[in-house]
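**Q** Fold the following, please.
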Amino acid sequence: EGHPEDAPYDRVIATCAVRAVPYAWIEQTPPGGIVLAPWETPWLSHGLLRLTVEGDGTASGWFTPHSACMPLRAHRVNLRILRDVVREEHVPEETTTGVSPFAATGNDWNARFAIGLQTRDIWHTWQHGPGIDGVASRLWLATTDTTSWAAIDHDGRNDERFAVLQHGPRRLWDEVTAALTWWHQTGSPGPERFGMTVQPDGTHHAWLDTPVYPIPQTG
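**A** A predicted model of the protein is given here:
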(Lines give C-alpha, C1' and ligand atoms only; values in the text may rest on other atoms or scores of the structure.)
Protein backbone atom coordinates (compact mmCIF):
# COMPACT_ATOMS: atom_id res chain seq x y z
CA GLU A 1 0.00 0.00 0.00
CA GLY A 2 3.01 2.30 0.12
CA HIS A 3 2.80 5.15 2.63
CA PRO A 4 0.31 7.75 1.35
CA GLU A 5 0.62 10.00 4.41
CA ASP A 6 4.04 11.31 3.33
CA ALA A 7 3.68 11.00 -0.47
CA PRO A 8 4.83 11.95 -3.02
CA TYR A 9 8.31 10.42 -3.06
CA ASP A 10 11.13 11.08 -5.52
CA ARG A 11 12.27 7.49 -5.10
CA VAL A 12 10.57 4.32 -3.93
CA ILE A 13 13.06 1.53 -3.23
CA ALA A 14 11.85 -1.96 -2.35
CA THR A 15 14.05 -4.39 -0.42
CA CYS A 16 11.74 -7.31 -1.14
CA ALA A 17 11.09 -8.94 -4.51
CA VAL A 18 7.79 -8.40 -6.31
CA ARG A 19 5.95 -10.38 -8.97
CA ALA A 20 4.01 -7.24 -9.89
CA VAL A 21 4.75 -3.68 -8.81
CA PRO A 22 1.94 -2.46 -6.55
CA TYR A 23 0.39 0.51 -8.32
CA ALA A 24 0.26 2.44 -5.05
CA TRP A 25 4.05 2.76 -5.25
CA ILE A 26 3.76 4.34 -8.70
CA GLU A 27 0.79 6.49 -7.71
CA GLN A 28 2.79 7.94 -4.79
CA THR A 29 5.74 8.86 -7.06
CA PRO A 30 5.52 12.03 -9.21
CA PRO A 31 6.38 12.13 -12.94
CA GLY A 32 10.11 11.66 -13.37
CA GLY A 33 10.40 9.76 -10.09
CA ILE A 34 11.87 6.29 -9.84
CA VAL A 35 10.47 3.01 -8.49
CA LEU A 36 13.18 0.40 -7.94
CA ALA A 37 12.28 -3.17 -7.03
CA PRO A 38 13.86 -6.63 -7.18
CA TRP A 39 11.88 -8.88 -9.51
CA GLU A 40 10.40 -12.29 -8.80
CA THR A 41 8.42 -14.89 -10.70
CA PRO A 42 7.39 -18.34 -9.51
CA TRP A 43 10.05 -19.66 -11.93
CA LEU A 44 12.97 -17.54 -10.68
CA SER A 45 13.69 -14.65 -8.33
CA HIS A 46 16.23 -12.65 -10.33
CA GLY A 47 16.65 -9.16 -11.73
CA LEU A 48 16.14 -5.58 -10.64
CA LEU A 49 13.44 -3.42 -12.25
CA ARG A 50 13.92 0.36 -12.48
CA LEU A 51 10.73 2.18 -13.50
CA THR A 52 10.38 5.87 -14.34
CA VAL A 53 6.93 7.31 -13.66
CA GLU A 54 5.35 9.17 -16.60
CA GLY A 55 2.85 12.03 -16.58
CA ASP A 56 0.04 9.79 -17.87
CA GLY A 57 0.23 7.51 -14.83
CA THR A 58 2.22 4.76 -16.50
CA ALA A 59 5.68 3.66 -15.40
CA SER A 60 8.24 2.10 -17.68
CA GLY A 61 11.83 0.97 -17.45
CA TRP A 62 14.51 -1.68 -17.75
CA PHE A 63 15.70 -4.74 -15.89
CA THR A 64 19.24 -5.36 -14.75
CA PRO A 65 20.51 -8.79 -13.63
CA HIS A 66 22.03 -10.12 -10.42
CA SER A 67 19.53 -9.11 -7.78
CA ALA A 68 17.47 -11.37 -5.56
CA CYS A 69 15.49 -10.72 -2.38
CA MET A 70 12.91 -12.46 -0.29
CA PRO A 71 9.52 -12.04 -2.01
CA LEU A 72 6.91 -9.62 -0.76
CA ARG A 73 4.75 -11.64 1.61
CA ALA A 74 1.67 -11.33 -0.61
CA HIS A 75 3.64 -12.66 -3.60
CA ARG A 76 5.09 -15.80 -2.04
CA VAL A 77 4.26 -19.26 -3.38
CA ASN A 78 3.66 -21.95 -0.76
CA LEU A 79 2.86 -25.04 -2.79
CA ARG A 80 3.52 -28.70 -2.17
CA ILE A 81 2.88 -30.69 -5.28
CA LEU A 82 1.45 -33.84 -3.68
CA ARG A 83 -0.42 -31.91 -0.98
CA ASP A 84 -1.96 -29.09 -3.00
CA VAL A 85 -1.94 -29.98 -6.70
CA VAL A 86 -1.91 -33.64 -7.82
CA ARG A 87 -4.92 -35.79 -7.00
CA GLU A 88 -5.39 -39.56 -7.28
CA GLU A 89 -8.32 -39.09 -9.65
CA HIS A 90 -6.27 -37.07 -12.13
CA VAL A 91 -5.63 -38.84 -15.44
CA PRO A 92 -2.78 -36.98 -17.14
CA GLU A 93 -1.97 -36.91 -20.83
CA GLU A 94 1.21 -38.86 -21.58
CA THR A 95 3.72 -37.73 -24.22
CA THR A 96 7.48 -37.45 -24.65
CA THR A 97 9.79 -34.49 -25.24
CA GLY A 98 13.26 -33.97 -26.65
CA VAL A 99 13.73 -30.80 -24.60
CA SER A 100 15.70 -31.48 -21.47
CA PRO A 101 14.05 -30.31 -18.25
CA PHE A 102 17.54 -29.35 -17.08
CA ALA A 103 17.74 -26.77 -19.89
CA ALA A 104 14.79 -24.90 -18.38
CA THR A 105 15.91 -25.13 -14.76
CA GLY A 106 19.72 -25.23 -14.90
CA ASN A 107 22.47 -22.69 -14.35
CA ASP A 108 21.60 -20.44 -17.29
CA TRP A 109 19.86 -17.68 -15.36
CA ASN A 110 19.22 -15.68 -18.54
CA ALA A 111 17.11 -18.53 -19.88
CA ARG A 112 15.28 -18.96 -16.59
CA PHE A 113 14.63 -15.22 -16.32
CA ALA A 114 13.09 -15.18 -19.83
CA ILE A 115 10.97 -18.23 -19.07
CA GLY A 116 9.70 -16.61 -15.89
CA LEU A 117 8.70 -13.40 -17.69
CA GLN A 118 6.65 -15.39 -20.21
CA THR A 119 5.16 -17.97 -17.83
CA ARG A 120 4.24 -15.59 -15.06
CA ASP A 121 2.23 -18.10 -12.99
CA ILE A 122 4.11 -21.40 -13.46
CA TRP A 123 6.02 -22.77 -10.47
CA HIS A 124 8.40 -25.74 -10.46
CA THR A 125 10.24 -28.07 -8.13
CA TRP A 126 12.50 -31.11 -8.53
CA GLN A 127 11.94 -34.51 -6.96
CA HIS A 128 14.83 -36.95 -7.02
CA GLY A 129 14.73 -40.73 -6.59
CA PRO A 130 14.71 -43.41 -5.60
CA GLY A 131 11.05 -44.25 -5.33
CA ILE A 132 9.57 -41.94 -7.99
CA ASP A 133 7.75 -44.40 -10.24
CA GLY A 134 11.04 -45.95 -11.30
CA VAL A 135 12.71 -42.75 -12.57
CA ALA A 136 15.83 -40.98 -11.32
CA SER A 137 14.45 -37.43 -11.28
CA ARG A 138 11.12 -35.71 -11.90
CA LEU A 139 10.51 -32.04 -12.61
CA TRP A 140 7.10 -30.94 -11.38
CA LEU A 141 5.34 -27.88 -12.79
CA ALA A 142 2.13 -26.31 -11.49
CA THR A 143 0.16 -23.13 -11.94
CA THR A 144 0.00 -21.06 -8.78
CA ASP A 145 -3.79 -21.50 -8.77
CA THR A 146 -3.16 -25.33 -8.78
CA THR A 147 -5.50 -25.96 -11.74
CA SER A 148 -2.84 -27.44 -14.06
CA TRP A 149 0.30 -29.49 -13.54
CA ALA A 150 2.96 -31.38 -15.44
CA ALA A 151 5.75 -33.84 -14.67
CA ILE A 152 8.85 -34.45 -16.78
CA ASP A 153 10.84 -37.59 -16.01
CA HIS A 154 14.54 -38.35 -16.42
CA ASP A 155 15.28 -42.04 -16.16
CA GLY A 156 18.96 -41.45 -15.41
CA ARG A 157 20.10 -42.96 -18.73
CA ASN A 158 18.48 -41.29 -21.73
CA ASP A 159 19.31 -37.60 -22.14
CA GLU A 160 17.51 -37.24 -25.47
CA ARG A 161 13.91 -38.27 -24.70
CA PHE A 162 11.93 -37.58 -21.54
CA ALA A 163 8.48 -38.80 -20.50
CA VAL A 164 5.91 -36.04 -19.93
CA LEU A 165 2.66 -36.11 -17.95
CA GLN A 166 0.32 -33.10 -18.18
CA HIS A 167 -3.03 -32.47 -16.54
CA GLY A 168 -5.51 -29.61 -16.42
CA PRO A 169 -6.74 -27.01 -18.90
CA ARG A 170 -3.18 -25.92 -19.76
CA ARG A 171 -0.19 -27.87 -21.06
CA LEU A 172 2.51 -26.37 -18.87
CA TRP A 173 5.53 -28.15 -20.30
CA ASP A 174 4.45 -27.05 -23.79
CA GLU A 175 4.33 -23.46 -22.51
CA VAL A 176 7.76 -23.70 -20.92
CA THR A 177 9.37 -25.24 -24.01
CA ALA A 178 7.75 -22.55 -26.19
CA ALA A 179 9.20 -19.87 -23.91
CA LEU A 180 12.65 -21.47 -24.04
CA THR A 181 12.49 -21.80 -27.84
CA TRP A 182 11.50 -18.13 -28.21
CA TRP A 183 14.43 -17.11 -26.01
CA HIS A 184 16.88 -19.04 -28.19
CA GLN A 185 15.35 -17.65 -31.40
CA THR A 186 15.73 -14.04 -30.18
CA GLY A 187 19.44 -14.42 -29.50
CA SER A 188 19.38 -15.66 -25.89
CA PRO A 189 19.01 -12.17 -24.39
CA GLY A 190 19.92 -11.36 -20.81
CA PRO A 191 17.71 -9.40 -18.37
CA GLU A 192 19.29 -6.09 -19.45
CA ARG A 193 17.50 -6.33 -22.82
CA PHE A 194 14.07 -6.68 -21.21
CA GLY A 195 11.81 -3.96 -19.93
CA MET A 196 8.42 -3.54 -18.28
CA THR A 197 5.58 -1.04 -18.56
CA VAL A 198 2.96 -0.78 -15.81
CA GLN A 199 -0.41 0.74 -16.69
CA PRO A 200 -2.67 2.75 -14.33
CA ASP A 201 -5.01 -0.24 -14.11
CA GLY A 202 -2.12 -2.31 -12.75
CA THR A 203 -1.50 -4.43 -15.84
CA HIS A 204 2.14 -5.23 -16.61
CA HIS A 205 3.55 -5.51 -20.14
CA ALA A 206 7.02 -7.02 -20.54
CA TRP A 207 8.99 -6.26 -23.70
CA LEU A 208 12.30 -6.96 -25.40
CA ASP A 209 14.52 -4.04 -26.47
CA THR A 210 11.61 -1.62 -26.96
CA PRO A 211 8.03 -1.31 -25.66
CA VAL A 212 6.66 -1.83 -29.19
CA TYR A 213 7.93 -5.43 -29.12
CA PRO A 214 6.03 -7.15 -26.28
CA ILE A 215 7.23 -10.62 -25.38
CA PRO A 216 4.83 -13.55 -25.75
CA GLN A 217 2.85 -14.52 -22.66
CA THR A 218 1.55 -18.00 -21.86
CA GLY A 219 -1.61 -18.99 -20.08
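**Q** so how far is residue 162 from residue 215?
**A** 26 Å (CB to CB, to the nearest Å). The C-beta positions use only the backbone N, C-alpha and C, and glycine is treated the same way.
**Q** What sits closest to residue 123 if chain neighbours are left out?
**A** Spatially, and ignoring its direct neighbours in sequence, residue 123 is nearest to residue 42 (3.8 Å; CB to CB, 6 or more residues apart in numbering).
**Q** contacting residues for that neighbour?
**A** 19, 77, 116, 120, 121, 122, 123, 124, 144 (CB atoms under 8 Å, 6 or more residues apart in numbering).
**Q** Flag the shaky bits of the protein, pLDDT-wise.
**A** Where the chain drops to pLDDT under 70, the residues are 131.
**Q** can you do 80?
**A** 74-79, 82, 129-134, 219 (pLDDT under 80).
**Q** three-state assignment of the residue nearest the centre of the chain?
**A** For the chain, the residue sitting closest to the mean C-alpha position, by CA atoms, centre = their mean, is residue 116 at 2.6 Å. Per DSSP: H, G, I helix; E, B strand; the rest coil, the local secondary structure of residue 116 is helix.
**Q** Please name the residues that touch it.
**A** Neighbours of residue 116 in contact, by CB under 8 Å, 6+ apart: 41, 42, 43, 44, 46.
**Q** The second one should be in a strand, yeah?
**A** No: judged by three-state DSSP, residue 42 forms no part of a strand; its state is coil.
**Q** That one and residue 219, how far apart?
**A** 12 Å.
**Q** so what sits against both of those two?
**A** With CB under 8 Å, 6+ apart, residue 42 and residue 219 have common neighbours 120, 121, 122.
**Q** and stretch 65-77, which residues are buried?
**A** 65, 67, 68, 69, 71, 72, 75 (16 or more other CB atoms under 10 Å).
**Q** One more: stretch 11-29?
**A** Buried, per 16+ other CB under 10 Å, within stretch 11-29: 12, 14, 17-23, 25-29.
**Q** Could you give the separation of it from the chain centroid?
**A** Computed by CA atoms, centre = their mean, to the nearest Å, the separation of stretch 11-29 from the middle of its chain amounts to 18 Å.
**Q** repeat for stretch 93-107
**A** 17 Å.
**Q** For it, measure first residue to last.
**A** 29 Å (CA to CA, to the nearest Å).
**Q** Can you list the buried residues in that stretch?
**A** In stretch 93-107, counting by 16+ other CB under 10 Å, buried: 97, 99, 100, 101, 102, 104, 105.
**Q** Mind jotting down where the strands sit in the protein?
**A** 11-13, 34-40, 45-53, 59-64, 93-97, 122-132, 135-143, 149-154, 162-167, 194-198, 204-208 (DSSP state E).
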